[in-house]
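**Q** Next come a sequence and a model predicted from it.
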Amino acid sequence: QVQLVESGGGQVQAGGSLRLSCAASVGTFSNYAMGWFRQAPGKEREFVASISWSGRKTTYADSVKDRFTIARDNAKNTVYLQMNNAKSEDTAVYYCTAVPVFDSATVFTGPAENAYWGQGTQVTVSS
């Protein structure tokens, strides 16, 4: 049973920063690639960023590249999303996801059938 709990959402002004956290209750956290998706009102859920279980490989959506950073602490079973230079279009519910993988370099850019999801945390960027 995998449980993911996001935290750190809230309101931030445009240009500001916010850090999201996702605490995972899993058997072996390092067996999972981790990622973030988001869903804005009236839009489909979209990929934001993912990180390999080793932490050495990351990938980002073009819309957040150079502004957001994904990181993980395998000792704490936690993945983070540092959001800098926030824009109004970043307003969405952010979801943490965990995907079981078999090698240290796997990342993903879309939802996986065998993924686990958190409940989401709201991020609102005000201009």
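**A** Now that the structure is in, tell me what you want to look at. Residues are numbered from 1 along each chain as shown.
**Q** Quick check: the most centrally placed residue in the chain vs Ala71, distance?
**A** Centrality entry for the chain: nearest residue to the mean C-alpha point is Trp36, 2.3 Å, by C-alpha atoms, centre = their mean. As for Trp36, its distance to Ala71 is 11 Å (criterion: C-beta to C-beta, to the nearest Å). Backbone N, C-alpha and C define where each C-beta goes, glycine included.
**Q** quick one: contacts for Tyr80?
**A** Contacts for Tyr80 (C-beta atoms under 8 Å, 6 or more residues apart in numbering) come out as 19-22, 70-73.
**Q** can I get those in TSV with neighbour count, secondary structure and distance to Gly9?
**A** Below are the contacts of Tyr80 laid out as TSV (neighbours: other C-beta atoms under 10 Å; DSSP: H, G, I helix; E, B strand; the rest coil; distance: C-beta to C-beta, whole Å):
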residue	neighbour count	secondary structure	distance to Gly9
Arg19	14	strand	10
Leu20	23	strand	6
Ser21	17	strand	10
Cys22	25	strand	11
Ile70	22	strand	16
Ala71	15	strand	17
Arg72	23	strand	18
Asp73	12	strand	19
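**Q** Closest to Tyr95 out of those?
**A** When these are compared for distance to Tyr95 (C-beta to C-beta), Cys22 comes out closest, at 8.9 Å.
**Q** On the three-state scheme, the nearest residue to the closest one once chain neighbours are set aside is what?
**A** Computed as C-beta to C-beta, 6 or more residues apart in numbering, the closest residue to Cys22 that is not its neighbour in sequence is Cys96, at 3.4 Å. At Cys96, secondary structure determined by DSSP: H, G, I helix; E, B strand; the rest coil is strand.
**Q** swap in Glu6?
**A** Here Glu6 is recorded as strand under three-state DSSP.
**Q** And Gln119, by the same measure?
**A** Assigned with three-state DSSP, Gln119 falls in the coil class.
**Q** ok, it - contacts?
**A** For Gln119, the contacting residues are 4-6, 95, by C-beta under 8 Å, 6+ apart.
**Q** and those residues, which two are the farthest apart?
**A** Taking every pair in the contacts of Gln119 and measuring C-beta to C-beta, the maximum separation is 11.4 Å, between Val5 and Tyr95.
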